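Student: Fold the following and give me the result.
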Amino acid sequence: MENTFDQILKLSTTTFQNYEHEIIHPGRPTVWHFMAINKRSRKNYLVYCVTAIKKVAPLIDMALEQKDKHSRLVVVCKSCEQEDLQVAKEKNYCLVTSQTLDDYNYDMTVAKLATGKVSTSDLGIVDFGRVITKQ
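Tutor: Model (predicted):
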């Protein structure tokens, strides 16, 4: 069974791929776990996955210092408080829970199934904890 961190990392990667972002794992040590690039919109996201937001505040500050001006830091955590969201807003990074990403991933998958852009056989093993049916 995967641990919580591995689940968050896998969900984050899958969600960005589902939204047609290219996933690039850094070739050198960085604070973030991967970069998601959307070539159509030219947006770059530096994705940092954590299990507990309170424990990594100094690392988030370090990531903000290391990122370039064309990239946005996205911190994905299991859960967060309103206070954590306020800090993220003040420091100009995106803080999102794994549940929110799961919802985005589910919605995009359902939309792709409905439009025929993907078939259930293309999905492989996807466990959203929900049943996905083509309408």
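Student: hey, let's count contacts and neighbours off CA atoms from now on
Tutor: OK.
Student: Where in the protein is the helix or strand with the lowest mean pLDDT?
Tutor: Within the chain, confidence by mean pLDDT, DSSP states H and E is lowest for helix 120-123 among all helices and strands, at a mean of 55.
Student: Which positions within the helix ranked longest in the chain qualify as buried?
Tutor: Ranked by residue count, the top helix of the chain under DSSP state H comes out as helix 98-115. For helix 98-115, burial by neighbour count (16 or more other CA atoms under 10 Å) applies to 98, 101-102, 104-106, 109-110, 112-113.
Student: and of those residues, the nearest to Arg72?
Tutor: Each of the buried residues of helix 98-115 was checked against Arg72 using CA to CA; the closest is Leu101, at 16.4 Å.
Student: tell me the pLDDT at that closest one?
Tutor: With respect to pLDDT, Leu101 has a value of 91.
Student: Ok, Val126 next?
Tutor: Reported pLDDT for Val126: 46.
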